[in-house]
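> build me a structure from this.
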Amino acid sequence: MPNEVTEKRMRLRYTGRCRLCGTTLEARTEAVYERDSRTVRCVACPSPPQAPSHDLDVEDAVVETPPPAIEAEPAPASGTAGASARREFERRQARREERIRTKHPKLGGLILALSDDPQSTTAWNSGALGEERLGQGLDARASDTIRFLHDRRIPGTRANIDHLAVTPSGVLVIDAKRYVGKRPALEVEGGLLRPRVEKLTVGSRDQTKLVDGVIRQVELVSGIVGDATPARGYLCFLDADWPLIGGTFTVRGVDVLWPRKLYAQLAAEGPFSATVAETHALLAAALPPA
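Model (predicted):
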């Protein structure tokens, strides 16, 4: 009997390449997925020819049952960027409204209309906006060579990792920060006679604690993926006061930049590697959505 090619017409989740004509097939393009070879081809390309049949006597024919088709494992869901920060902002806002309306049954609505949420509440909204915007920009660049995870819970804590980019060259651990109109800068103390100390300032304030947090996240991710897969930390500032020339720098091994520079690094990543899917699934299992 001729071997049958198991095929499925589907809309691609990631960018691929037609195995017959080599045309790049963008994500969300309709294509034909060939389960036996785990490849895709254009809808316009013809089906591969079947092996010619031979006339056999029924008694001599050996009927072989083909092995069951192996379905490709679906990629784990990337998660929702900024989801936990958004929930915390809404929780604090609702708690404040309930407290004011309970204390002032008649004037509660007026007080809420004429007053603003405290900075401790609005900071969560600002953080959520930054994570959501960066997450949208990253997801627009997802492909078969780059996969993302967003808002992942660090087990045993209330902390989270904003974004993870899994690429052929390793894992990018990305912390999104939104400091409107403030300039991140590198300050160095010491040198020849004293130990060199690198600090991160944002505006006029020492924010080196942000670098410490990313370093801990990188150590956690490295422990999950192993030494064979490099992990590097990034602090990505949105709406900051970046200079027209230069601006990016590194503090204690953590790259400090803005979204456009981060996207450029992702665009320079190498060709597809099978470890991308494996590492993405490994991190998704170890770090659940926050």
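> quick one, strands of the stretch 51-200 of the chain?
For the stretch 51-200 of the chain, strands defined by DSSP state E, counting those that start in this stretch occupy the ranges 147-153, 160-167, 170-178, 184-189, 197-202.
> and the second one, average pLDDT?
Model confidence over strand 160-167 averages 97 on the pLDDT scale.
> same question, stretch 263-273
Here the average pLDDT along stretch 263-273 is 85.
> the closest residue to L138 other than its chain neighbours and D139: what is the separation?
Among residues not flanking L138 along the chain, F148 sits closest, at 5.1 Å (C-beta to C-beta, 6 or more residues apart in numbering). The C-beta positions use only the backbone N, C-alpha and C, and glycine is treated the same way. Distance, F148 to D139, by C-beta to C-beta, to the nearest Å: 6 Å.
> then Q119?
30 Å.
> also D239?
Here D239 is placed at a distance of 19 Å from D139 (C-beta to C-beta).
> again with D162
Counting by C-beta to C-beta - D162 and D139 are separated by 13 Å.
> more neighbours: these two, which one.
D162 (27 against 13; other C-beta atoms under 10 Å).
> now that one. Nearest residue, chain neighbours left out?
A176 (4.7 Å).
> can you report how many residues lie near that neighbour?
27.
> surely it is in contact with E131?
Yes: A176 lies in contact with E131 (C-beta atoms under 8 Å); the separation is 4.8 Å.
> shared neighbours, the two?
D162, H163 (C-beta atoms under 8 Å, 6 or more residues apart in numbering).
> could you pull out the helices for the stretch 151-290 of the chain?
Remark: helices assigned in the stretch 151-290 of the chain by DSSP state H, counting those that start in this stretch are 208-225, 259-267, 275-286.
> could you give the angle of the shortest one to strand 170-178?
It refers to helix 259-267. Taking axes from the mean of the first three to the mean of the last three C-alpha atoms, to 10 degrees, one finds helix 259-267 and strand 170-178 inclined to each other by 170 degrees.
> how distant is helix 259-267 from the center of its chain?
13 Å (C-alpha atoms, centre = their mean, to the nearest Å).
> now swap in stretch 100-120 and tell me
With C-alpha atoms, centre = their mean, you get 38 Å for stretch 100-120.
> average pLDDT across it?
Mean predicted lDDT for stretch 100-120 stands at 92.
> in that stretch, which residues are buried?
I100, G108, L112, D117 (16 or more other C-beta atoms under 10 Å).
> the last one against E97, yeah?
No: assessed by C-beta under 8 Å, D117 is found out of contact with E97, at 9.4 Å.
> how confident was the prediction at the residue nearest to the spatial centre of the chain?
For the chain, F148 is the residue whose C-alpha lies nearest the centre (C-alpha atoms, centre = their mean; 2.6 Å). At F148, the pLDDT value in this model is 97.
> any figure for the gap between it and Q265?
14 Å.
> in the stretch 151-290 of the chain, where is pLDDT below threshold?
Residue ranges of the stretch 151-290 of the chain with pLDDT under 70: 272.
> what's near enough to touch the nearest residue to K177 once chain neighbours are set aside?
Excluding the flanking residues, the one nearest K177 by C-beta to C-beta, 6+ apart is F237, at 5.1 Å. Residues counted as contacts of F237 (C-beta under 8 Å, 6+ apart) are K177, R178, Y179, P184, V202, V256, L257, W258.
> same deal with E30?
By C-beta under 8 Å, 6+ apart, the neighbours of E30 are R9, M10, R11, L12, V43.
> phi, psi of it?
The phi and psi values for E30, taken as degrees, to the nearest 10, are phi -70, psi 130.
> let's number from 38 now, not from 1
Got it, first residue is 38 now, which makes that one E67.
> just the pLDDT at it, thanks.
pLDDT, read off for E67, is 81.
> which strand residues bridge it?
On the basis of DSSP bridges, E67 is bridged to R48.
> that older thread, return a ChimeraX selection command for the buried portion of the contacts of E67.
Written as a ChimeraX command, the selection of buried residues from the contacts of E67, which uses 16+ other C-beta under 10 Å, is:
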select :49
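> count of residues packed around the residue nearest to A122 when sequence neighbours are not counted?
Once flanking residues are discounted, A122 sits nearest to A165: 3.9 Å by C-beta to C-beta, 6+ apart. Each residue near A165 was counted by other C-beta under 10 Å, and the total is 23.
> so A165 is in contact with F126, correct?
Yes: using C-beta under 8 Å, A165 is in contact with F126, at 5.8 Å.
> measure A122 to G167 for me?
9 Å.
> kindly apply the preceding question to A321 instead.
23 Å.
> who's more crowded, the two?
G167 (25 against 20).
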